[in-house]
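Undergrad: Sequence first, predicted coordinates after that:
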Amino acid sequence: MTADIRGITPFFTACAQGHLEVVKILLQMNREIPGIVVVEKKTNNDLTPLYAAAQRGCLDVVKILVKMGAKWDEPNLQLITPFHAAVERGGLEMCEYLLSLDPPSDAFRTNSTDMSCLHTAAKFGRVELLDFLLELGLDLNATDMYGATPLDCARSFGHMEAAQFLEKRGGTKGEDFFRDPKSRARSMFAKSRMVGAGMADGRNFSRVGRIVPVVEKGEFGIDDEEEEGGEEEED
């Protein structure tokens with residue numbers, strides 16, 4: 001299957017956009033190629049179609065890819081698995097499905113900066129997933145390579161609801177988080193994003209729950225489709 005200069009194939013795009021029927025058609029058109037070759041073909045950024053579909057919450061597509069042999073727990077070069085991607089934006093149902101496939105030992109591995117899935121859920125403000133992951137036994141106060149705990153991630157990226165949830169569960173701040181220059185730089189970057197969303201010092205004074213997303217639109221090199229009937233932003 002032909003790919004562009006970024007390594008993105010039409011099949012990858014269809015999976016990332018959740019176009020189930022297109023995915024089926026492309027698999028049928030390429031039936032002479034072993035299915036595992038199609039579903040495991042990576043982009044130049046080491047992303048698989050399953051990674052993209054899991055992150056976008058395209059559950060029906062993920063189920064087809066898994067049926068074709070896609071590896072749901074295989075990490076990329078940054079040691080990020082499709083399960084990590086599902087925690088970012090895929091939703092609770094996606095995470096529950098992936099964990100139903102196999103024992104979750106590999107799913108809970110940390111990435112290349114020692115961030116756990118709990119760090120990821122905190123970073124993206126996924127309160128329902130924080131609760132889900134804690135019930136599965138993830139360490140509430142694990143630290144990444146910068147010394148940040150999940151609570152630090154939630155606070156740094158402006159997710160006050162997530163931060164409050166973690167604090168109520170006993171979450172603490174990492175002692176070494178702000179001693180490291182890289183951590184300070186990361187915090188300053190996060191704060192600049194919060195200011196851009198009408199936030200200051202981690203508190204949202206004007207637009208509760210509306211922060212600039214850390215992962216930008218079109219991150220896979222393709223444009224997201226606009227959701228119909230989306231909520232209009234308040235002035």
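TA: Good, I have the coordinates.
Undergrad: tell me which residues of the helix or strand harbouring residue 162 are tucked away?
TA: If you go by DSSP states H and E, residue 162 is part of helix 160-168. Within helix 160-168, the residues that count as buried by 16 or more other Cβ atoms under 10 Å are 160, 162-163, 165-166. For the C-beta atoms, the positions are set from N, CA and C on the backbone; glycine is no exception.
Undergrad: which of these lies closest to residue 80?
TA: residue 162 (19.8 Å; Cβ to Cβ).
Undergrad: what's near enough to touch the closest one?
TA: Listed by Cβ atoms under 8 Å, 6 or more residues apart in numbering, the contact partners of residue 162 are 121-122, 125-127, 130, 154.
Undergrad: Take those and keep only those in helices.
TA: 121-122, 127, 130, 154 (DSSP state H).
Undergrad: Sort out which of those are buried, if you could.
TA: The neighbour count (16+ other Cβ under 10 Å) marks 121-122, 127, 130, 154 as buried among the ones in helices among the contacts of residue 162.
Undergrad: As a check, name the ranges of all helices in this structure.
TA: 10-17, 20-29, 35-40, 49-56, 59-67, 82-85, 92-99, 117-123, 127-135, 150-156, 160-168, 181-196.
Undergrad: Could you list every helix and strand in contact with the first one?
TA: Contact analysis of helix 10-17 by 3 or more Cβ pairs under 8 Å, 6 or more residues apart in numbering; DSSP states H and E lists helix 20-29, helix 49-56, helix 59-67 as its packing neighbours.
Undergrad: looking at those, which is buried most?
TA: Mean neighbour count, computed with mean count of other Cβ atoms under 10 Å, is highest for helix 49-56 among the helices and strands packed on helix 10-17, reaching a mean of 28.
Undergrad: List the contacts of it.
TA: Taking Cβ under 8 Å, 6+ apart as the rule, helix 49-56 contacts 11-12, 15-18, 39, 41, 61-62, 65-66, 70-72, 76, 80, 82-83, 85-86, 88-90, 94, 98, 220.
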